[in-house]
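In: Next input, structure requested:
(chains A, B and C)
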Amino acid sequence: MQNTKIQDTLVGLFVASGIVAFFFMAMQISNLSPFSHEKVYTLKAHFENSGGLKVKSPVSIAGVRIGRVRKISVDKDSYDSVVEMDINSEYILPDDTTASIFTAGLLGEQYISLEPGGSNEMIKPNGVIDITQSAIVMEEMIGQFLFKDPSQE
Amino acid sequence: MICFFEKIGKKTLASFSKLGRATFFLIQVIKACLSVFLRPKLLLAQLYSIGVLSFMIITISGLFVGMVLGLQGFYILSDFGAEETLGLMVAASLVRELGPVISALLFAGRAGSALTAEIGLMKTTEQLSGMEMMAVDPIKRVIAPRFLAGFISMPILTTLFSSIGVIGGQIVGVIILGVDEGSYWSQMQANIDFQGDIINGVIKSIVFGVVISWIALFEGYDTIPTSEGVSRATTRTVVNSAFAILGLDFILTALMFGDI
Amino acid sequence: MEVSNKKDQNLVSIENLTFYRGNRKIFDDISLNFQRGKVTAIMGPSGTGKTTLLKLIGGQLVPDRGTVLVDNKNVHQLTRAELFILRKRMGMLFQSGALLTDINVFDNVAFPIREHTKISESMIRTIVLMKLESVGLRGASKLMPNELSGGMARRIALARAISLDPMMIMYDEPFSGQDPISLGTLVKLIKELNSALKITSIIVSHDVQDTARIADYIYVLSGGKIVGEGTPDQLKNDSSKFVKQFFKGEADGPVQFHYPAKDYHQDIFES
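Out: Numbers count the residues shown, from 1 in each chain, chains lettered A, B, ... in the order given. All right, here's what the predicted structure looks like:
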């Protein structure tokens, strides 16, 4: 009897340690904590070109991440790229906010940077950010540089 | 020449019939699993011998794998001046691949081989046959509790392996090599996704747990009842489990992380 | 209690049984009857499928043709659940004992009781000790199976086989590999169980002398056929060459000393 008691206790400890490890992974290793219990709202932005932006790419203000890209699709009428992003509901943005796609470092990941303007009107959830700046595509830049008409100078 | 093709044909037929028996066996075992919940004591005993007794090898291996990752990662990353992403590198490789795969390989070696040998010997000494004559279904009484225990233990062991590995990486990277502790954890947290990385890693480990237990129990149950038969079955368990783990890992990774 | 017609007299009856293992014919259209409360023995040289016959009776193997009736039920037409109900009333003593090696003697004997009934632990203790006492090994209840000698293991297995008070027990080679003392004990036990508990016994053995001491009726099998049957006394005076050879233990006779092979000289000088 004593033997099975020890055995049962060890099995209990084993399962408990598994659960603790799982929570450790969820909270410490991954980013579950910041966005799991906090509410988010969705904003849309149209870009001429969303470049290498991906679902789950970060959305930040002044270098601080406040959300993630939720969905990227193509507008059927204008053939623009429509990016939906989840923004932490703590942050409310004015309606003249600019959304730009930047690259972290020279070869790094692309992310959306938001720059709030000075308007007093705020964007409502599911609203649209009107002022956007597309991703810089390397080939286009090089092309512009190479084939610039010298007579215009 | 004809003899050669005949051999191939025979082998093919034999392996198909084995696969058929194994599938039938798995269906029987899964059906029998329900009855195990009525007798939790049987499951507890198996969780002890399959899970608890694998705890040591898994945690110690996890610690050392994490430490080696910290060391190697540091030397490679410091060439690019990117030491602060060490935490990300250690955690990503552990959570996505090394955790599930290495702990599954260790589990196959530690618990899988023991299961095959145990069941095989029970068959050889007519214990399974004896149970059947006592109107006790060995699949319900012997196989199903072990199968469930493998199914439950594997994800627990994998999360333990990965968590301790990350801590091992921190010990080497932060404490010994001097990477900033804040960036070790924050880079990790910013880039490891709960659903995409951690849950997928756990799903992998559950698949591995089922496959290893299945292979080990079937090999034991299907063994030729001689001492040589048992030793061969044990070897086959370890070899086939390793193949299955690595092959399935590729398929699962392609499905989860790739765009295939 | 009426024991009138012939069917009721036989606990087990096998009719026109044919069984193949692979392409080899193990049994060729044999019929045997086992009477209630009697000790019936099946004898024959090794390799005639005596153990297979027990497995056919227990429903672990399925015959190619013919029927096996146990207590007037066709074993191979029962569902798995019905078969298990029937098996609770059949005990079987395996040649190796087949004790569960991870639990001790007491738990081994208690195993069928715990699996099939909801009797309280104190009651189980009483039953188990009674059964162990009847095989004379109550003192060994705390030992593990690997600490037992072969003869003791077989007696423990016997205690386990009778733990649910079955209507019949099948003994698979109970006498092989036993020293004279434990052999004597086993013979005495089987006889006692049979007379005291009225348990029908089926013994499979190739041990002529000891089996003849306790059997009421003997079937002699060879080459898949019944080559002789009768009470031990009848068989001792049987005129059939095979039965004579078998009972006297002669090396050569209808059953040849040599395994079938091609001509000796031809085989040696070939190559």
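
In: So which residues make contact with the strand ranked longest in chain A?
Out: Looking across chain A with DSSP state E, the single longest strand is strand A:64-74. Strand A:64-74 has contacts (C-beta atoms under 8 Å, 6 or more residues apart in numbering or on different chains) with A:35, A:40, A:42, A:50, A:53-60, A:80-88, A:90-91, A:112, A:114, B:190. For every residue, glycine as well, the C-beta is placed using N, CA and C.

In: Might you enumerate the residues of the stretch 101-250 of chain C proximal to chain B?
Out: C:Thr101, C:Phe111, C:Pro112, C:Glu115, C:His116, C:Arg160 (C-beta under 8 Å from any C-beta of the partner chain).

In: same thing but 6 Å
Out: Contact residues, the stretch 101-250 of chain C versus chain B (C-beta under 6 Å from any C-beta of the partner chain): C:Pro112, C:Glu115.

In: What ranges does the stretch 101-250 of chain C have for its helices?
Out: C:105-116, C:121-134, C:150-161, C:180-197, C:208-214, C:232-236, C:241-248 (DSSP state H, counting those that start in this stretch).

In: Could you export those helices to CSV, including columns for mean pLDDT?
Out: Compiled in CSV, the helices of the stretch 101-250 of chain C are given as follows (pLDDT from 0 to 100):
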stretch, mean pLDDT
helix C:105-116, 88
helix C:121-134, 88
helix C:150-161, 86
helix C:180-197, 83
helix C:208-214, 82
helix C:232-236, 79
helix C:241-248, 75
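
In: Can you name the residue of chain A nearest chain B?
Out: A:Gly18 (3.0 Å; C-beta to the nearest C-beta).

In: ok, of the contacts of strand A:64-74, which come out buried?
Out: For the contacts of strand A:64-74, a burial check counting by 16 or more other C-beta atoms under 10 Å in any protein chain shown picks out A:40, A:50, A:53, A:57-60, A:80-83, A:85-88, A:112, A:114, B:190.

In: How about C:Arg65: which residues does it bridge to?
Out: C:Thr18 (DSSP bridges).

In: Count the residues that sit near it.
Out: Neighbourhood size, C:Arg65 [other C-beta atoms under 10 Å in any protein chain shown]: 13.

In: before we move on, what about C:Ile156?
Out: Residues near C:Ile156, counting by other C-beta under 10 Å: 25.

In: Could you pull up the contacting residues of the closest residue to it other than its chain neighbours?
Out: Excluding its sequence neighbours, the residue lying closest to C:Ile156 (C-beta to C-beta, 6 or more residues apart in numbering or on different chains) is C:Val105, at 5.4 Å. Contact partners of C:Val105, counting by C-beta atoms under 6 Å, 6 or more residues apart in numbering or on different chains, are C:Ala140, C:Ser141, C:Leu143, C:Ile156.

In: Mind putting those residues into TSV with distance to A:Val11?
Out: What follows is those, written out as TSV (distance: C-beta to C-beta, whole Å):
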residue	distance to A:Val11
C:Ala140	31
C:Ser141	28
C:Leu143	27
C:Ile156	30
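
In: Tell me the one of those residues nearest chain B?
Out: Out of those, the member with the shortest distance to chain B (by C-beta to the nearest C-beta) is C:Ile156, at 12.1 Å.

In: Roughly how far does that closest one sit from chain A?
Out: According to C-beta to the nearest C-beta, to the nearest Å, C:Ile156 and chain A sit 22 Å apart.

In: Phi, psi for the residue lying closest to C:Lys244 once chain neighbours are set aside please.
Out: By the measure of C-beta to C-beta, 6+ apart, the closest residue to C:Lys244 outside its immediate chain neighbours is C:Asp238, 6.8 Å from it. The phi and psi values for C:Asp238, taken as degrees, to the nearest 10, are phi -70, psi 140.

In: I figured C:Asp238 hits C:Val227, correct?
Out: No - when contacts are counted by C-beta atoms under 6 Å, C:Asp238 is not listed as touching C:Val227 (9.3 Å).

In: among the buried ones among the contacts of strand A:64-74, which are in strands?
Out: A:40, A:58-60, A:81-83, A:85-88, A:112, A:114.

In: Give me the neighbour count for residue 49.
Out: In the absence of a named chain, this looks at chain A. Neighbourhood size, A:Asn49 [other C-beta under 10 Å]: 13.

In: Oops, wrong one, chain B.
Out: 19.

In: Highest neighbour count among the contacts of C:Val105?
Out: C:Ile156 (25 neighbours).

In: circling back to that earlier point, just the helices of the stretch 101-250 of chain C: most buried one?
Out: Stretch with highest mean neighbour count among the helices of the stretch 101-250 of chain C: helix C:150-161 (a mean of 24; mean count of other C-beta atoms under 10 Å in any protein chain shown).

In: same for that helix, what does it pack against?
Out: Using 3 or more C-beta pairs under 6 Å, 6 or more residues apart in numbering or on different chains; DSSP states H and E, the elements in contact with helix C:150-161 are strand C:90-93, helix C:105-116.
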